[in-house]
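Asker: Structure for this input, please:
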Amino acid sequence: MIRTALTGLLGIYVDTYGDAEDPDTTLNVTYLAVAPEGEPRPADDAAAVGWFAPDELPDEPAFAHQSAVFADWRRLLRRE
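Answerer: Take a look at the predicted model:
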């Protein structure tokens, strides 16, 4: 288990899920957080979990909206 403390809102993103011909629209809210304790472990819905530096993020994220999330996070880090 990992405990987190929310520090802000990164953004709200729209994506689609499911059948390409009749997809469901999803609204994804992405928060900023710190993890002061615990180790990440995958649950039954993931094969693996890990920490990534901004320049080490996956080239092919699992969901289409994550490219925008990654770009927004990198942009935020450059301003800090």
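Asker: the strands in the chain, which residues?
Answerer: For the chain, the strands defined by DSSP state E occupy 2-17, 24-38.
Asker: now these as JSON lines including mean neighbour count?
Answerer: For the C-beta atoms, the positions are set from N, CA and C on the backbone; glycine is no exception. Listed next are the strands of the chain as JSON lines, based on neighbours: other CB atoms under 10 Å:
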{"stretch": "strand 2-17", "mean neighbour count": "12"}
{"stretch": "strand 24-38", "mean neighbour count": "11"}
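Asker: Okay, now the unreliable bits of this structure?
Answerer: Applying pLDDT under 70 to the chain flags no residue at all.
Asker: If we use 90, what do you get?
Answerer: Residues of the chain meeting the criterion pLDDT under 90: 1-4, 16-23, 35-65, 79-80.
Asker: Let me know the outermost residue of this structure.
Answerer: Distance from the centre of the chain peaks at Glu21, with 25.3 Å (CA atoms, centre = their mean).
Asker: So Pro58 is in contact with Phe52, correct?
Answerer: Yes: Pro58 lies in contact with Phe52 (CB atoms under 8 Å); the separation is 7.4 Å.
Asker: list the contacts for the residue nearest to Leu9 when sequence neighbours are not counted?
Answerer: With sequence-adjacent residues excluded and distances taken as CB to CB, 6 or more residues apart in numbering, Leu9 is closest to Tyr31, at 5.8 Å. Tyr31 is in contact with 6-10, counting by CB atoms under 8 Å, 6 or more residues apart in numbering.
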